[in-house]
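>>> predicted structure and sequence below. I'll ask about it afterward.
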Amino acid sequence: MDSFFQALQDQLNFQDLSGAFTVTDVILALTLSFILTGGIAYVYKITHKGMSYTQSFVHTLVIMGMITALIMLIVGSNIARAFSLVGALSIIRFRNAVKETRDVGFIFFAMAIGMAAGTQFYLLAILATVFISCAILIMNRFNWYAQTAVNLLLKIQVPNNLNFDTSFNEALVKYTKASDLISVDSVHSGMLTEVIYSISPKEKINTREFLEEIKQLNGNNKVTLITGYNNTDLGKKCSSNVINGSRSLSFFGHWAGFGF
């Protein structure tokens, strides 16, 4: 592979830009980083789960890989240039929270491939991209490390005078394997109380019957079953909902399709 790139460089016979790298180095590094990080972005797209997918993040992966390759070309082996670059980049602050921890892995993946391409470890960049992408695809295909139990959120609005500590016990025992009360909040200007349970439903239950039974117990007020929140950052978003009781919970993954 190295001999191929060396032969290609000899054929092109570009003029040196500096003593550190040539035009050929720039073209090879940017082209290879674009192709490889484009592959990484495609792997991210087809293995992504949940509702937090954004096209801009995928584009950022490709751009980040190419820019990292360019930075590594600029720095080269010049220590003074490296320190200057660190000082310049230290003024940049990234304030957007990464929505999923898995996204952080892809960010470092793209940066590492960009670094390898920028430092002319072309074969290493190709092999690392192929190997790590295959590992990601295998984990996604066979659903490794997935939780066997399905957890759902059950949101119930009850009158303030209803004892929610015991009112739903019988129904929860009947339809779920486990349930935990995780939030209590006042809604509708304090006219109702909203309780949120984390539940593990039994297999093959009739969800509509379950919700209808809960609805009879809470005075025919709103009952919502939400699934998919395991794919989101529940801690931050649930706290946000507790503070702002009237805010919709629609950001918890996808709706189960049952809202009363």
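Structure's in. What do you need? Numbering: from 1, shown residues only.

>>> which stretches of the protein form helices?
Counting by DSSP state H, residue ranges of the helices within the chain are 2-12, 23-47, 55-75, 79-89, 101-118, 122-141, 164-167, 169-175, 207-217, 234-243.

>>> and of these, who's closest to Asp185?
helix 234-243 (5.5 Å; Cβ to Cβ). Glycine gets a C-beta too; all of them are placed from N, C-alpha and C.

>>> how many other residues sit next to Thr37?
For Thr37, the number of neighbouring residues by other Cβ atoms under 10 Å comes to 29.

>>> for the nearest residue to it once chain neighbours are set aside, give me the pLDDT.
Nearest residue to Thr37, sequence neighbours excluded (Cβ to Cβ, 6 or more residues apart in numbering): Gly65, at 3.1 Å. Gly65 is assigned a pLDDT of 92 by the prediction.

>>> same question for Ile243.
For Ile243, pLDDT reads 31.

>>> low-confidence ranges in the stretch 1-150 of the chain?
1-20, 77, 87-96, 148-149 (pLDDT under 70).

>>> apply 90 and report the result again.
Residue ranges of the stretch 1-150 of the chain with pLDDT under 90: 1-26, 48-54, 70-104, 118-120, 142-150.

>>> now do the buried residues in stretch 146-161.
Of all the residues in stretch 146-161, those buried under the rule 16 or more other Cβ atoms under 10 Å are Asn151, Leu152, Leu153, Leu154, Lys155, Ile156, Gln157, Val158.

>>> nearest spatial neighbour of the most centrally placed residue in the chain, skipping sequence neighbours?
Central residue of the chain (Cα atoms, centre = their mean): Glu100, 2.8 Å from the mean position. Nearest non-adjacent residue to Glu100, counting by Cβ to Cβ, 6+ apart: Ser52, 5.8 Å away.

>>> check contacts around the spatially closest residue to Tyr44 that is not a sequence neighbour.
Closest residue to Tyr44 apart from its sequence neighbours, by Cβ to Cβ, 6+ apart: Phe106 at 5.1 Å. Counting by Cβ atoms under 8 Å, 6 or more residues apart in numbering, Phe106 touches Ile40, Tyr44, Leu61.

>>> most neighbours among those, which one?
In the contacts of Phe106, the most neighbours by other Cβ under 10 Å go to Leu61, 25 neighbours.

>>> wait, that residue sits on Tyr42?
No. The pair Leu61 / Tyr42 is not scored as a contact, 9.9 Å apart, by Cβ atoms under 8 Å.

>>> got any ranges where the stretch 151-260 of the chain has weak pLDDT?
Applying pLDDT under 90 to the stretch 151-260 of the chain flags residues 151-154, 158-192, 198-260.

>>> quick one: the strands in it?
152-159, 176-187, 192-201, 223-226, 255-259 (DSSP state E, counting those that start in this stretch).

>>> format those as TSV; extra columns: distance to Met115.
Listed next are the strands of the stretch 151-260 of the chain as TSV, based on distance: least, Cβ to Cβ, whole Å:
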stretch	distance to Met115
strand 152-159	41
strand 176-187	42
strand 192-201	42
strand 223-226	41
strand 255-259	41
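
>>> and Thr47, how many residues sit next to it?
15.

>>> not counting residues beside it along the chain, what's closest to it?
Asn140 (4.1 Å).

>>> what's the spacing between the one you found and Ser133?
Counting by Cβ to Cβ, to the nearest Å, the separation of Asn140 from Ser133 is 11 Å.

>>> which of these two has more neighbours?
Neighbours were counted for Asn140 and for Ser133 using other Cβ under 10 Å; Ser133 has more, 18 against 14.

>>> so that one sits against Ala41, correct?
No. Taking contacts as Cβ under 8 Å, Ser133 lies outside contact range of Ala41: 10.6 Å.

>>> which of the contacts of Phe106 lies closest to Ile205?
Closest to Ile205 out of those is Tyr44 (35.1 Å), distances taken as Cβ to Cβ.

>>> sorry, back to before: in JSON lines, list the buried residues of stretch 146-161 along with distance to Lys215.
JSON lines is the format used below for these (distance: Cβ to Cβ, whole Å):
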{"residue": "Asn151", "distance to Lys215": "21"}
{"residue": "Leu152", "distance to Lys215": "16"}
{"residue": "Leu153", "distance to Lys215": "16"}
{"residue": "Leu154", "distance to Lys215": "12"}
{"residue": "Lys155", "distance to Lys215": "12"}
{"residue": "Ile156", "distance to Lys215": "9"}
{"residue": "Gln157", "distance to Lys215": "10"}
{"residue": "Val158", "distance to Lys215": "11"}
